[in-house]
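Q: here is a sequence with its predicted model. Questions after.
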Amino acid sequence: MSPEELAEQIAAGNVRAVARACRLVDDHAPEARELLRLLHPHSQAAWTIGVTGSPGAGKSTLVDRLIERFRAEKKRVGVVAVDPTSPFSGGAILGDRVRMQRHFEDAEVFIRSLATRGALGGLSRSAADVVGVLAAWGADVVLLETVGVGQDELEVTEVCDTTLVVVSPGLGDDVQALKAGILEVADVFAVNKADHAGADATVRDLEAMQALGDATLSAHDGHVRFRPAIVRTVATTNQGIEDLVRALEAHRDAALQHGEAKRQQRAATTLRRLITQALTERAFSELGTAVEEAERRIVEGTSDPYSECDALVRRLSIPRS
Ligand SMILES: Nc1nc2c(ncn2[C@@H]2O[C@H](COP(=O)(O)OP(=O)(O)O)[C@@H](O)[C@H]2O)c(=O)[nH]1
Ligand SMILES: [Mg+2]
C-alpha cells in the first residue's frame, strides 16, 4: 500500500491502517517519513496530554480513568505508553496493558505501547510521530504516558498541549527528590494515591515549591505563567478524576489564548528534533566502526572522549555553508 493510500485510510478512521502506520513509524521504515508528511495537516486538531512521573506513581491507572472519562463524552481517544524498561523483559509494558485492558476492545480507543530504543534514540524517538498518527486518525484526545527521566520531559512538552505530572507519596517520591526538570514542565499536578498517608505533605511541598518559584520568577522578569493546579486523586477508586479533568481543561483553554506562540514554539522544537535525528543518523552511518574504535581507546586509557569526539566530528563530510 502506498503512503498516500495509507494516509487516506487513517484520515478516514481505519484502525488497521493506524496499527500499520504505528509499526512503520516504530521500525523507522523508509516510507514512514512520507506518511508522516502526508498526515501532518490532519494531526493538528487533537488535544494531546502528556502524563509523566516516576514509575509506580499511578500513571497508567490514571490514564485508564481518563480514557473512561473521555469515552463517557464520546470522545475518540489515543494512548501512547512509552516504557523505558528492556524490550526483552516487557515487564512494565505488560503492566500498562493490564491496567488499560478493558479499553482494548473499544474501537474508539487506540492504545500503542512503545519500548525505549537504545543507542541513538534515548526515549522513544517515535513517540512524537505515533502521537501524530493517532491525532490524524481523528483522536480528540491523545494521552502520552512516559516515565519522567533524562531528556524525556522535553519531548513530552514538545509533543503535548498539556503536561500532567503524577506525584505520589510514599514512593520516596517526596518533592525534594523529584528532579527540577519534571517539576518545571508541569501544567497540572496530580498527587495520586491520596488514600496514602503523606498526600497532604506532598501537596504542601508542591505549594511551597510553587510559592518559591513565583517569588523567583517575579523577581526575575515579571514573567507570568500558568500556575499549575494541584489535584488529589485516587486512581484505583476513581476519586478526584472530575477535578483532574477540569484542571486539565482549564489549562488547555488558557493555553489556547497563546495558541500562536505555542505553535511557533512547537514548530521550532519539532524541526530541531528532526534535524538532530537526521544528522545523528548520518553521522553514525558515516563514521561506522570508527566510533567503536574510539570507544576502545577510551576504555584502554590511551585517549579520552573529548579528543575522540573532536576527531570524529572533524571527519564528517557534512557540507559547511
Ligand atoms: N493505593 C493506591 N494505589 C494506586 C493508586 N493508583 C495506582 N495505584 C497502584 O499503584 C501501582 C502502580 O500503578 P501504575 O498505574 O502501573 O503506575 P505507573 O508505573 O505510574 O504507570 C498499581 O499497583 C496500582 O494499582 C491510588 O490512587 N491508590
Ligand atoms: Mg505505567
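A: Alright, I've got the coordinates. Ligands and ions are numbered 1, 2, ... in the order given.
Q: whichever residue of the stretch 101-250 of the chain sits closest to ligand 2: how many residues sit nearby?
A: Per CB to the ion, the residue of the stretch 101-250 of the chain with the smallest distance to ligand 2 is residue 145, at 5.7 Å. The C-beta positions use only the backbone N, C-alpha and C, and glycine is treated the same way. As a burial measure, residue 145 scores 27 neighbours (other CB atoms under 10 Å).
Q: wait, is it part of a strand?
A: Yes: Residue 145: assigned to a strand according to DSSP: H, G, I helix; E, B strand; the rest coil.
Q: beta-bridge partners for it, please?
A: Beta-bridge partners for residue 145, by DSSP bridges, are residue 51, residue 81.
Q: check contacts around it.
A: 51, 52, 59, 60, 63, 79, 80, 81, 82, 96 (CB atoms under 8 Å, 6 or more residues apart in numbering).
Q: okay if I get these as CSV plus pLDDT and distance to ligand 2?
A: Converted to CSV, these look like this (pLDDT from 0 to 100; distance: CB to the ion, whole Å):
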residue, pLDDT, distance to ligand 2
51, 93, 9
52, 88, 10
59, 92, 5
60, 91, 3
63, 95, 8
79, 95, 11
80, 92, 12
81, 88, 6
82, 83, 9
96, 64, 5
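Q: out of the residues you listed, flag the one nearest to residue 212.
A: Of all the contacts of residue 145, residue 212 sits closest to residue 52, with 21.5 Å by CB to CB.
Q: residue 165 is in contact with that closest one, correct?
A: Yes: applying CB atoms under 8 Å as the test, residue 52 and residue 165 come out as touching, 5.8 Å apart.
Q: buried sites along whatever helix or strand residue 313 lives in?
A: Per DSSP states H and E, residue 313 falls inside helix 305-315. Buried positions in helix 305-315, judged by neighbour count with 16 or more other CB atoms under 10 Å: 308, 312.
Q: do the same with stretch 197-204
A: 198, 199, 202, 203.
Q: gap between that stretch and the chain center?
A: 26 Å (CA atoms, centre = their mean, to the nearest Å).
Q: and the closest residue to residue 169 other than its chain neighbours, what pLDDT?
A: Spatial nearest neighbour of residue 169, chain neighbours left out: residue 198 (3.3 Å); criterion: CB to CB, 6 or more residues apart in numbering. Residue 198 carries a pLDDT score of 88 in this model.
Q: so residue 198 sits against residue 167, correct?
A: No: if you go by CB under 8 Å, residue 198 and residue 167 don't touch, sitting 10.7 Å apart.
Q: low-confidence ranges, the protein, go.
A: 83-98, 116-125, 148-155, 170-182, 215-225, 318-321 (pLDDT under 70).
Q: next helix or strand past the longest helix belonging to it?
A: For the chain, the helix that runs over the most residues, judged by DSSP state H, is helix 259-287. Scanning forward in sequence from helix 259-287 by DSSP H and E, the next helix or strand is helix 290-300.
Q: could you check the angle that following helix makes with helix 305-315?
A: 160 degrees (axes from the mean of the first three to the mean of the last three CA atoms, to 10 degrees).
Q: check which helices and strands helix 290-300 sits against.
A: helix 305-315 (3 or more CB pairs under 8 Å, 6 or more residues apart in numbering; DSSP states H and E).
Q: leaving out sequence neighbours, find the closest residue to the residue most central in space within the chain.
A: The residue lying closest to the centre of the chain (CA atoms, centre = their mean) is residue 156, at 3.5 Å. Nearest non-adjacent residue to residue 156, counting by CB to CB, 6+ apart: residue 50, 3.8 Å away.
Q: ok, the one you found touching residue 147?
A: No: counting by CB under 8 Å, residue 50 stays clear of residue 147, with 11.5 Å between them.
Q: who's more crowded, those two?
A: residue 50 (29 against 22).
Q: what sits against residue 74?
A: So residue 74 contacts residue 108 (CB under 8 Å, 6+ apart).
Q: SS state for the closest residue to residue 45 other than its chain neighbours?
A: Spatial nearest neighbour of residue 45, chain neighbours left out: residue 135 (7.1 Å); criterion: CB to CB, 6+ apart. The three-state assignment at residue 135 reads helix, by three-state DSSP.
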